[in-house]
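In: here is a sequence together with a model predicted from it:
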Amino acid sequence: MPSLNLTVDNRGSVLKHLQITPSFFSDESIVGGGERHVETFCKALLAAAAERSLPIRCEIVAFGDRSGTVVSRDKLTLRLLHGNAWDITTLEAGLIKAELAAADVVHVHQCLTVFGLFVATHARLLGKIVIGTDHGGGVAEYILDRHPSFATIYDVFRAQSEFAALGLGEFGVRRAVILGPVDDETFVLGDSSKSDRNLVLSVGRILPHKGFETVIDSLADSMTLVIAGRPYDHEYKNFLQSRAHGKAVHFEEKLDDAGLLSLMHRAGVYVHAATHLDYKGGFHLKPELLGLAPLEFLCTGAPAFVSRAGALRELGQLTGCVTFVDGRELRALLERYASGQIEIHSAAAIRYDVTAKYGLRRFGRSYLELLEELNATSSCQ
Amino acid sequence: MTIGGYELVARDLARRLHSEGHRVAVASSPLFGDSTSQQEDFEVFRILQCIDHSPEIFRNEDVLQLGLFINLHNIKAMKELVTDWKPDAVACFNLSGLGPFGLLHLFHSLGHHPIWRIGDTPAGAKQSRSEITRFSRIFDTDDVFKDINFVAISLRVMDELSRDIGLRMGPVTLLRGSFLQNPPLDSQWRDSSKELRLIFASRIESHKGTDLLLEAADRVRGRGITNFHIDVFGAGRVARFQQQTYARNLENIVSYQGVLPKSKMLERFGDYDALLFPTWEREPFGNVVVEASSAGCIPIITATIGAAECLVDGVDCIKIRRDPDDLSDAIVGLANQEPTDRNAFRMRVKRNARSTFDGDQNFNRMKTLFETVAKLRRQPSASPDQILVSLAMLTHIWRRNSSQLDEREAQIDSLQTDVRELHTFIRALVGSISWKATAPLRAMEKVFGQFRRISGI
C-alpha cells in the first residue's frame, strides 16, 4: 500500500471527510440505498484509518423536517439540516456551504439527483475533493441528459458494485468500484444449532421491485417464509397477502435491528428476488445497486439465493450464495434445498468470503487508498 | 481590467490608468460603442452579450434572467479572457444587461475580490426582488457579495441596492464624480451678462426633465421675464421635443443644439450661467452636475438626486422640487440677480466643485483599491473549466427551481380564485332559497368564510 501523507488540511492535521446524504435514516425515509449505508461507511473508514493511525474525522450531514444532531447506534454523530432534499426549493446554499466549508473531502450520496449535483457543485466551487455515490434515488435528467459532462464536477464516482459502476459510465468521470460495505461487526455468526432449516427469510422494504411474490410462489410445502420490511406500498402489500393465502407466510413490519439479527440467526436460508420487471409490468432500472440484505445475511454464516437483477448477480461468486434467473429456477432451488440436495458450506466459510470481499475492513482500506490517491492528485495541482 | 457597458466613466479610468503605464483591458459589448471616441491605446474586447434592458423587453422572464442574473455566454467569454489575460484586479462598471450576478460569482470563484462600481441599480432588479432571493438561495450570493468592494456613486444608489433590492453588501467606498483630471481653476468662461444663459445637457427624455423645462420656460415668460435663453444638448426624443417647443411658441427662448463630443461639451459649460437638470427624483447621481459645476455653471437640480447629497442649496447649487413652479422660481431668481452677483455665485460653485468632485482624488482612491484587491487575490477554488461547469449547473438548477415555484404560485392563485367564487356562489344560494332548507348551506358558508379568513383568500 502506498504510504502517502493524508494530512491535507493546512489548518491542522486531521483529514475531514464529510458524507452528505438526502435521507435521514429514519422510519420516514423511503428512497433507500443510502440509509444505513452512510453509517456503515463511517465505521469502515474510521476502522481502516485507526489501523494505520491516520487522523481522520468522519462526519455525516442529512436532511429532515427539523434541524439538530442525532447520535446513531454506533455513536456516530449526524447533523440534520432542515429541508427536503428531494425538493430543491426548500434548500439554502448558504447553510449547506457552511457544512461543506470545513471538510477536505465531500462524499455526496444520491450523486445524480438534483440534490446531489447541487451539493457537489458547491463543494467543487469551495475547492473540495468531491466523490459521488449513486443509490438509485433518481437522475436529474433535465441537466444530465443534455449535459452529461456537467457531472465532471465530481472527481470520482465511487460505485458499490460493478452494476452500479455500469450506470455511471456515460459521464466521463472516473469510476472506482469499492464493494460494500456490509457491517460485519453487527451481523455476526449465530448459533447454528438454533436455526430452523425450513425457515426462509426475505428482507426489504415492501416495494414492487423487491419481487417478494416470486419467493411466495416458489415456496416449498415444508417451508415457512418471513418477509421483514416496512410497507411503503400498501397496494403491493395487499397483493402479496392475497398471493400468500394458504401458505406459511408471515410479514414482520416493525422489527428493530436486534430483532432482525435474531431472525437472521433463526432462518435457514435467505432469498432475495429483486426484479427489473415488477408484478404490474413496471420496469426498474436499478432494483439493487448492492444487495445489502443478502450480504448481511451471508455474514451470519447461512446460505442465500438471490436473483440476477442489478448487482445481485455479482453475489453469485460468494461462497454460500446461489443465483436464480426466475421463479421456476428458484422453486427448483428451494425444493433441492428442502430435500437436502444442495451442499451447504460451513458458516465460517460463508462468512469469511463475504467479509473478505464486502466487509468493513476491506471497504475501509480500499476507500482510504482512493482518498490517498485523490489527495495526492489534488496536492499536485 | 474593467468590464461593463463601456460607460464613459469606465473609459476615463482605463485611459488614465493606461497613461500611467498600467496594462489595461476592457471587456464590453458591441452594443454600446461611443461613436465620438477615438481608437483606444489599450485592449478592448467587445465579446460580451448585452441584453437590452428597456422595460418592454424586461417583461420577458428569460431575457430578464439573462440580463440581470446570469448569462452563460458572458461567463464563458470572461472565463477565457481572465484565464488568458491574468489580471491582477477586476473592476466592474454597472454590468447592467450583462448578467451581473453570474459574472461576480465567476470572478469570485477565480480568486478575485472584484470591485463593482455602481452608477445605478442593475436594470430590472427592483422588480425582481423575490427572484433575487431565489437566486441567492441557489448560488449563495451573500457569500460572494461580502468579498466585493463596492464603489458607489451615491448613497441613494446604495440605499436602493440594500433596501429596495435586499442585497447584503461588503465594504462600500463612496466615490462621487469622475476619474478625469481636475480642470484648471482659471479655465476660460464667459462672464455673466444681463441675459441669463441656461443649458440643458442630458438625454432628451421626459424623465430627465425636458417637458418640465418647457413648461417652466413658458411660465417664466408668462411672468414678463424675457432676458433668458436655454440651449439644449443631447440625443433622445429630439423631434418630439422640438415639436413641443414649437407648439408652445418657445423657439426664440429654447434652442436645440445637437450632440457634441464629450471634450467639446466640457468646454461649453463655461459659457452658461446655469445648468437646468430637473431630472427624476431617483437619478442615481447626475454626472453632468459635476461637469457643469466644475466649469462654474450653477446647477439647478432636483433636490433628491445623488449629486445633491454633497451640495449645499444656495451655495453650491440651487435645489428644487421637481415641478415647473419651483424650476421657474429658480430661473426668475437668477434672472433678477445682478450679473456681478451671479458671477460671484458661479465662481464659488466652480471652486467648491473642485474639492467636492475631485477627479484626481477619486482616481487615486481607485488605484489604492486596485492595489488592495490585487493583494487579496487568491488561488481559484477550482480549475476555470470546472468553475464554468459549476456555474452552468447552478444556473440550470436555479431556472428549474424558479419555474417550479412560479408554477406553485400560479396554482395557489388559481385555488384562491376557485375558493372565492365558490364562497360567493354559496352565499348567493343561501340568499335565494327558504330558511329551513338553507341549514346545510349556511353551515358550508360558515366553513368557507372561516377558511377564507384563516387562509387570507
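Out: Right, received. Where do you want to start? Residues are numbered from 1 along each chain as shown, chains lettered A, B, ... in the order given.

In: can you pull the phi/psi pair for the residue nearest to A:Thr77 when sequence neighbours are not counted?
Out: Nearest non-adjacent residue to A:Thr77, counting by C-beta to C-beta, 6 or more residues apart in numbering or on different chains: A:Val71, 5.7 Å away. Using the backbone N, CA and C atoms, a C-beta is placed for each residue, glycine as well. When read as degrees, to the nearest 10, the backbone of A:Val71 gives phi -100, psi 130.

In: just want to check the distance between A:Val71 and A:Leu78.
Out: 8 Å (C-beta to C-beta, to the nearest Å).

In: do the same with B:Leu388
Out: B:Leu388 is 34 Å from A:Leu78, by C-beta to C-beta.

In: returning to what we had before: name the residue in A:Val71 and A:Leu78 with the higher neighbour count.
Out: A:Leu78 (21 against 9; other C-beta atoms under 10 Å in any protein chain shown).

In: quick check, that one in a strand?
Out: Yes: looking at A:Leu78 with DSSP: H, G, I helix; E, B strand; the rest coil, it is inside a strand.

In: now do the contacts for it.
Out: By C-beta atoms under 8 Å, 6 or more residues apart in numbering or on different chains, the residues touching A:Leu78 are A:24, A:38-39, A:60-62, A:69-72.

In: let's go with 7 Å and repeat that
Out: A:60, A:62, A:70, A:72 (C-beta atoms under 7 Å, 6 or more residues apart in numbering or on different chains).

In: count of neighbours near the closest residue to B:Leu68 other than its chain neighbours?
Out: Distances taken as C-beta to C-beta, 6+ apart place B:Gly124 nearest to B:Leu68, at 4.5 Å, with adjacent residues excluded. Residues lying near B:Gly124 (other C-beta under 10 Å) number 23.

In: where's B:Gly124 relative to B:His423, distance?
Out: In terms of C-beta to C-beta, B:Gly124 sits 37 Å off from B:His423.

In: before we move on, what about B:Gly67?
Out: 42 Å.

In: A:Thr21 belongs to a strand?
Out: Yes: counting by three-state DSSP, A:Thr21 is part of a strand.

In: was I right to think it contacts A:Val38?
Out: Yes: using C-beta atoms under 7 Å, A:Thr21 is in contact with A:Val38, at 5.1 Å.

In: where does pLDDT dip in the stretch 1-150 of chain A?
Out: Along the stretch 1-150 of chain A, segments meeting pLDDT under 70 span A:1-12, A:25-35, A:73.

In: what are the ranges of the strands in the stretch 51-200 of chain B?
Out: B:91-93, B:115-118, B:149-152, B:172-174, B:196-201 (DSSP state E, counting those that start in this stretch).

In: now do the longest one: everything it contacts.
Out: If I follow you right, that is strand B:196-201. So strand B:196-201 is in contact with B:213, B:227-234, B:265, B:269, B:271-276, B:288, B:297, B:331, B:334-335, going by C-beta under 7 Å, 6+ apart.

In: among those residues, which lie within helices?
Out: Mapping the contacts of strand B:196-201 onto helices (DSSP state H) picks out B:213, B:265, B:288, B:331, B:334-335.

In: show me what contacts the residue minimising distance to the centre of chain B?
Out: Nearest to the mean C-alpha position of chain B, counting by C-alpha atoms, centre = their mean, stands B:Asp120 at 2.5 Å. By C-beta under 7 Å, 6+ apart, B:Asp120 lies in contact with B:94, B:96, B:157, B:284.

In: just A:Thr121 next, same as before
Out: A:153, B:390, B:393-394.
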